[in-house]
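Enquirer: this one's structure only:
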Ligand code: SF4
């Protein structure tokens, strides 16, 4: 062990069911309190109002499920992943639960600086099998197009962004005709970010023509 | 609890999902009584109410009963529910309120009366008790139950006073009567402290308040529900004492929670440990009408600091007195001085303070603020009232004078930090409340109230001061509802039906609609407010015995007009206010061993 080495726990967690309606700040508060209850030796910031050093990778919007979300908490000393799991799991619940723990040396960089791809699964429901086919064709057309320009509103102005380069995968898997799963792999980070809703917006004409609704949005992983 | 498909459409879905840490979910098939506990305001406010948390804990401790929470959905959610025909359901199990056995609604503020009607309406229950043949029996409680008359037609029963012990009796009777409405009501009417309007005639009955004799022995929630969403008081709460006998003559809490009862330091320390361990909160707030009056406050604070300093838990004292001792206390617990210190001199002049029995001298306030400035605070909050009985123009102006002196004190003791001084002055309008010495006094009508506000605003120093007045319309309405009789029920129902769902927090009070609701019943809101009541007139709340005698209140009113102060019975002799009838050792002061 290196002298003075600092450690952090990298937690993979899920946010599902009714708790997908929590906002990012709710999740953060929930984790902070769970960590405090757990009695684990977490590291606090300095100063008058010390807080747990807790970082989240690319927060999820309210209402979106996450199956393998990531956060990192700095530790005051090295603790085994088993120990962390044992103490933290009982403080969380089924719909907001840690699914794996790694303990890693803390470097200078943010633990999540290297993440570049988010994968999603959107569950679609159609009134008829034909509707689903219409959407599947539209997905293929999107992938085949050179550019896909979407509108983004910032506080002050509207900008136009081509999202096509950062849609790495888009595939509609049709199950039993009326239900489909749209699997997406989209860019992350300031320059490469594509939101699943933006892809849905590109498909809007086909969705309405085919009578297809998005019934569930899941972020299945980050890498 | 809202169904999934509505959650995506409301502004704060986290208020409607339940699933919080420490939630108590019981199998409905294994309990005999299902108790829905409703707060007639939103989740943020309702979850902050300690009384509801205490009852939730006590009921759920029983194996034969389940207590489930209900809050008033916000306007957007109410609209969606009505459109979709969705009924109000509990957060614990999503059970429709209409399927519960008892529905308790806490009445903390008069302006929540329409919120209580909204709870009934959204549950699909008829508003009037007389029209309900099925569904839960509806029980009101809380400070407003001390004058229940304006809302009597909507409730089956009211609990007057401390709920800890009587709630269990309500459940026992319900079980014995096997839930048969008439039999349950019959049984409840026999219990002390329970007012059952269909069994009790106000002219003939006398309902004596429930008083917990030994607060220290009462259960307290040591594993409270930890909300996901942010709420108003988002911290651990520790009730250190109940009641106050300082005897401010406008103050209802100072009468209806008598006598002072304290928990022991050891008990509190134990509860604090359990709460922190079970919630993960990083702040403990000490609750009492006045924390500095707790007999062993210094020992308690020292013990809490010793216990929690290295666990990064801070201690907060939300209610203090206007003196240097209180500043010392605040200083001992505050890590950061960012939130201001609050003092409530209530009146600007000594003469008026004597008449309301607020025993604070100008010098106390000035010493206290100087001590606060020296300790590093730069923000001071001051609470005052206008419209008090016997108030003259010079008393109102004296508020501005006192604020000026506070600023001068800052100039003297703050040195280079003086530029950062901020004095937040909050001015409420006097409201005569039932069971207080001022219950007979008149309240200013809207115009008079606004005139006094303007008078004060014109003289208030501008620099370093932020002046804030309570809304005049709201004050008048609150007063009229507070002292109203049964005839106001029709007004409240009309106001609710015309869309006034009083949400005190968001001040969604629509004065025009309320005024209309009054005039439709042939009443003039302003005229009712401006009435003074005569000493020998029968008051709508005279059948509710709060423990303090009417004769004591009358004597206090008289002393007020004579400018005489009455000392706190904890410091001087017993005044025989009436509580000695209900409490054997009065006042009880907890000795710690
Ligand atoms: S009975 Fe006496 S001691 Fe008790 S509250 Fe009243 S005045 Fe105080």
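Expert: Thanks, I have it. The structure displayed is predicted, hence computed values, not measured ones.

Enquirer: so residue A:89 makes contact with residue A:99?
Expert: No: the criterion here is C-beta atoms under 8 Å, and residue A:89 misses it with residue A:99 at 9.5 Å. (Each C-beta comes from the backbone N, C-alpha and C, glycine too.)

Enquirer: for the residue of chain A found nearest the ligand, give me its contacts.
Expert: Across chain A, the shortest distance to the ligand (C-beta to the nearest ligand atom) belongs to residue A:33, at 40.0 Å. Residue A:33 is in contact with B:21, B:226, B:279-281, counting by C-beta atoms under 8 Å, 6 or more residues apart in numbering or on different chains.

Enquirer: from these, list the ones also adjacent to chain A.
Expert: Here is what survives when these are matched to chain A using C-beta under 8 Å from any C-beta of the partner chain: B:21, B:226, B:279-281.

Enquirer: mind giving me the domain split of chain A?
Expert: A:7-105, A:117-222 (automatic domain parsing).

Enquirer: just how off-centre is the shortest one within its chain?
Expert: Which is domain A:7-105. 14 Å (C-alpha atoms, centre = their mean, to the nearest Å).

Enquirer: check stretch A:167-183 too.
Expert: The answer for stretch A:167-183 is 19 Å, by C-alpha atoms, centre = their mean.

Enquirer: can you give me the buried ones in that stretch?
Expert: Using 16 or more other C-beta atoms under 10 Å in any protein chain shown as the test for burial, stretch A:167-183 gives A:167, A:170, A:172, A:174, A:180, A:182-183.

Enquirer: assign the residue of chain A closest to the ligand to helix, strand or coil.
Expert: helix (DSSP: H, G, I helix; E, B strand; the rest coil).

Enquirer: centre of the chain versus stretch B:571-578, how much separation?
Expert: On C-alpha atoms, centre = their mean, the centre of stretch B:571-578 falls 25 Å from that of its chain.

Enquirer: now the end-to-end length of that stretch.
Expert: 17 Å (C-alpha to C-alpha, to the nearest Å).

Enquirer: also stretch A:194-212?
Expert: Start-to-end, stretch A:194-212 (C-alpha to C-alpha) is 22 Å.

Enquirer: could you do stretch B:104-123 as well?
Expert: 13 Å.

Enquirer: quick check: mean pLDDT across that stretch?
Expert: Averaged over stretch B:104-123, pLDDT sits at 96.

Enquirer: next one: stretch B:293-311
Expert: 92.

Enquirer: and for stretch A:43-54?
Expert: 88.

Enquirer: for it, give me every contacting residue.
Expert: Contacts of stretch A:43-54 (C-beta under 8 Å, 6+ apart): A:6, A:28, A:31-32, A:35-36, A:42, A:71-76, B:312, B:335-336.

Enquirer: ok, now stretch A:190-199?
Expert: Taking C-beta under 8 Å, 6+ apart as the rule, stretch A:190-199 contacts A:64, A:116, A:120, A:122, A:142, A:150, A:163, A:166-167, A:170, A:182, A:184, A:186-187, A:217, A:219.

Enquirer: tell me the contacts of whatever residue of the stretch 1-150 of chain B ends up closest to the ligand?
Expert: Proximity of the stretch 1-150 of chain B to the ligand (C-beta to the nearest ligand atom) peaks at residue B:146, 16.5 Å away. For residue B:146, the contacting residues are B:160, B:209, B:252, B:256, B:434-435, B:541, B:544, B:546, by C-beta under 8 Å, 6+ apart.

Enquirer: what about the residues you listed, which are in helices?
Expert: Counted as lying in helices by DSSP state H, out of the contacts of residue B:146, are residue B:256.

Enquirer: dump the contacts of residue B:146 to CSV, plus distance to the ligand and neighbour count.
Expert: Compiled in CSV, the contacts of residue B:146 are given as follows (distance: C-beta to the nearest ligand atom, whole Å; neighbours: other C-beta atoms under 10 Å in any protein chain shown):
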residue, distance to the ligand, neighbour count
B:160, 17, 25
B:209, 13, 23
B:252, 15, 22
B:256, 12, 22
B:434, 18, 23
B:435, 13, 22
B:541, 19, 22
B:544, 17, 26
B:546, 12, 27
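
Enquirer: which residues does the closest residue to residue B:153 other than its chain neighbours contact?
Expert: Once flanking residues are discounted, residue B:153 sits nearest to residue B:489: 4.6 Å by C-beta to C-beta, 6 or more residues apart in numbering or on different chains. Residues counted as contacts of residue B:489 (C-beta under 8 Å, 6+ apart) are B:150-154.

Enquirer: which ones among those come in contact with the ligand?
Expert: When contact is defined as C-beta under 6 Å from any ligand atom, the contacts of residue B:489 do not meet the ligand at all.

Enquirer: contact partners of stretch B:452-468?
Expert: By C-beta under 8 Å, 6+ apart, stretch B:452-468 touches B:386-387, B:391, B:393, B:396-397, B:399-400, B:403-404, B:407, B:410, B:421-427, B:444, B:469, B:472.

Enquirer: avg pLDDT for it?
Expert: 96.

Enquirer: now that stretch: how far from the chain's centre is it?
Expert: 28 Å.

Enquirer: which parts of stretch B:343-353 are buried?
Expert: Quick answer for stretch B:343-353 (16+ other C-beta under 10 Å): B:343-349, B:352-353.

Enquirer: among the contacts of stretch B:452-468, which lie within strands?
Expert: Among those, the ones falling in strands (DSSP state E) are B:386, B:422-427, B:469.

Enquirer: three-state assignment of residue A:120?
Expert: From three-state DSSP, the assignment for residue A:120 is strand.

Enquirer: count of residues packed around it?
Expert: 23 (other C-beta atoms under 10 Å in any protein chain shown).

Enquirer: OK, contacts around the spatially closest residue to it that is not a sequence neighbour?
Expert: Nearest residue to residue A:120, sequence neighbours excluded (C-beta to C-beta, 6+ apart): residue A:184, at 4.4 Å. By C-beta under 8 Å, 6+ apart, residue A:184 lies in contact with A:119-122, A:167, A:169-170, A:196, A:199.

Enquirer: and what of residue B:126?
Expert: B:120, B:132.

Enquirer: residue B:167 and residue B:59 touch, don't they?
Expert: Yes: using C-beta under 8 Å as the test, residue B:167 is close enough to residue B:59 to be in contact (6.2 Å).

Enquirer: pull out the buried positions in stretch B:318-328.
Expert: B:319-324, B:326-327.

Enquirer: could I get the ones next to chain A among the contacts of residue A:33 as CSV with secondary structure and pLDDT?
Expert: Below are these laid out as CSV (DSSP: H, G, I helix; E, B strand; the rest coil; pLDDT from 0 to 100):
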residue, secondary structure, pLDDT
B:21, strand, 97
B:226, strand, 98
B:279, helix, 98
B:280, coil, 97
B:281, coil, 96
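
Enquirer: give me the number of residues near the closest residue to chain A within the stretch 1-150 of chain B?
Expert: Chain A sits closest to residue B:13 of the stretch 1-150 of chain B, with a gap of 3.8 Å, by C-beta to the nearest C-beta. Neighbour count for residue B:13, taken as other C-beta under 10 Å: 22.

Enquirer: name the nearest residue to it, ignoring sequence neighbours.
Expert: Residue B:13 sits nearest to residue A:21 (C-beta to C-beta, 6+ apart), 3.8 Å away.

Enquirer: try residue A:76
Expert: Residue A:76 sits nearest to residue A:41 (C-beta to C-beta, 6+ apart), 4.1 Å away.
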